[in-house]
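K.L.:
Fold the following, please.
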Amino acid sequence: MKKLFLFVLIFTISTSHVLSFESEPQCQNPNFKPMYSFYNNNMLSTIAAGRGYTGTAALGNLSLTNLNPASLNIAYNAQAYYEYGQKGDVTLAENTNNEVGLNVFRAGVCYGAAYRINDKLQIGLTYNKVGSHEADLGVVHNYDTSGLIYETFNLYEKVAQSKVSIPVSYVLNDRIRLGLGLDVALYNAKTSQACMNDIELYENVKGKIDFVLFRPKFGVIGKVTNGLSFGMTFVPPIDKRIKEKVCWEEIKYERNSFPMEFRAGTQYSFKNLPITILADYSFVNDAINEEFIDRNDFHLGIEGTVLPFMQLRTGFYTQYDNREVDVYGDDGQLFWCDTNSYDQNFVSAGASIQWRKTHWDLAVMDSSLLSSGDLSQTYFKLGCTLELENQ
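P.N.:
Model prediction:
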């Protein structure tokens, strides 16, 4: 009980300021607002991706610590993991003058290793390319006196987020497993913009941003019966004053707000059937920025063992548009000139094949079948887990 009390005390101290996190929206650097969050997220963990990105209440390999650090469950003494993922390009606001093309800046990669210290304590170390996008913002030209183009500038925004994580999983008793993700997030952005000078010619202005945030993740998994379990995770909010290097100058912004994240899920395994059903709910407090609303998404998955060495998975999850399209800017115009709907409903499928102590995982997620909005995406993922045992 002392250990449980200590965990709850640390959790409460770290997150108590959430209750007072209702200040006025703050001016942020636009590169790190959740403007393209529906595309930026690489949805790491091939196993979770194949079953509707569920697994908050599940035990499994190192990749599942991207959902819940308490999920880490090594079969033998140690484990190594590698994952590679890609997503398709998309175009926003098609057939308008505000068309933006989004494509991958850095592929979704996750790799690391974990070690079982004893029957109760397991620890890992991972590097994760959490998300990235490159926004093609068009081109501008400078013309000579004859009206011919003599200079062209490509405008873009390249943003990436990685993290180094130390997930720790501790078995408190037969029913409760605690998790702590010591996550250090690495943010990077490169921009190319254009501004008009005094002689009405465009000048190219390039910026660069690099900063680091410590964002711990708290998790817990509780077993109700032999087949039923529940899980929760929590990431506290944090503020950061961002500095951007533009040419030879440094621009200081007001504090960016990185929102609170909460996730809850359940898992049920049938007693006489090799089938498991999973359901998750995820919440992100994006409404701390006045141009956005909170994200509330739902996930449903199912997996089954069809052969002793093979598992099949499928699932469904939502990814709702988080923009507040009715917000007006200081100029009296709508903040979002693009009023298309970016609500998406994803279906997913996956499989795992085991060969000796090696597991190969495949997954695909696509939103073109069930989405009625103006956007569709496709993700492909491949993962490999190697279990290691002392002889």
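K.L.:
ok, now how distant is the residue nearest to residue 309 when sequence neighbours are not counted from residue 389?
P.N.:
Leaving aside its chain neighbours, residue 309 sits nearest to residue 354 (4.6 Å; criterion: C-beta to C-beta, 6 or more residues apart in numbering). All C-beta spots, glycine's among them, are computed from the backbone N, C-alpha and C. Using C-beta to C-beta, to the nearest Å, one gets 15 Å for the distance from residue 354 to residue 389.
K.L.:
now residue 281
P.N.:
37 Å.
K.L.:
quick one, which of the two is more surrounded?
P.N.:
The residue with more neighbours, out of residue 281 and residue 389, is residue 281; 15 against 9, by other C-beta atoms under 10 Å.
K.L.:
unless I'm mixing things up, residue 321 is touching residue 343, no?
P.N.:
Yes - the criterion here is C-beta atoms under 8 Å, and residue 321 meets it with residue 343 at 5.0 Å.
K.L.:
more neighbours, these two?
P.N.:
Higher neighbour count among residue 321 and residue 343: residue 321, with 19 against 16, using other C-beta under 10 Å.
K.L.:
Need phi/psi at the more buried one.
P.N.:
phi -60, psi 130 (degrees, to the nearest 10).
K.L.:
what do you get for residue 70?
P.N.:
phi -70, psi -10.
K.L.:
for residue 105, same thing?
P.N.:
According to degrees, to the nearest 10, residue 105 has phi -90, psi -50.
K.L.:
again with residue 61
P.N.:
According to degrees, to the nearest 10, residue 61 has phi -80, psi -180.
K.L.:
residues touching it, list them.
P.N.:
Residues in contact with residue 61 (C-beta atoms under 8 Å, 6 or more residues apart in numbering) are 47, 73, 79, 81, 359, 385.
K.L.:
wouldn't the first one be in contact with residue 312 here?
P.N.:
If I follow you right, that is residue 47. No - using C-beta under 8 Å, residue 47 is not in contact with residue 312; the gap is 11.9 Å.
K.L.:
Show me whatever sits in contact with both of those two.
P.N.:
In contact with both residue 47 and residue 312: residue 350, using C-beta under 8 Å, 6+ apart.
K.L.:
who has more neighbours, these two?
P.N.:
residue 47 (28 against 16).
K.L.:
is residue 177 in a bridge, and if so with what?
P.N.:
For residue 177, the beta-bridge assignment (DSSP bridges) gives partners residue 171, residue 221.
K.L.:
so it touches residue 68, yeah?
P.N.:
No - contact criterion C-beta under 8 Å: residue 177 and residue 68 do not qualify, at 9.4 Å.
K.L.:
now residue 115, nearest residue through space, not along the chain?
P.N.:
Of all residues not flanking residue 115 in the chain, residue 78 sits nearest, at 4.9 Å (C-beta to C-beta, 6+ apart).
K.L.:
neighbours around that neighbour, how many?
P.N.:
Residues near residue 78, counting by other C-beta under 10 Å, number 17.
K.L.:
any idea how far it is from residue 239?
P.N.:
38 Å.
K.L.:
and what of residue 272?
P.N.:
Distance from residue 272 to residue 239, by C-beta to C-beta: 52 Å.
K.L.:
The two: who's more crowded?
P.N.:
residue 239 (15 against 5).
K.L.:
So that one versus residue 126, what's the distance?
P.N.:
According to C-beta to C-beta, residue 239 stands 26 Å off from residue 126.
K.L.:
Also residue 34?
P.N.:
Separation of residue 34 from residue 126 (C-beta to C-beta): 23 Å.
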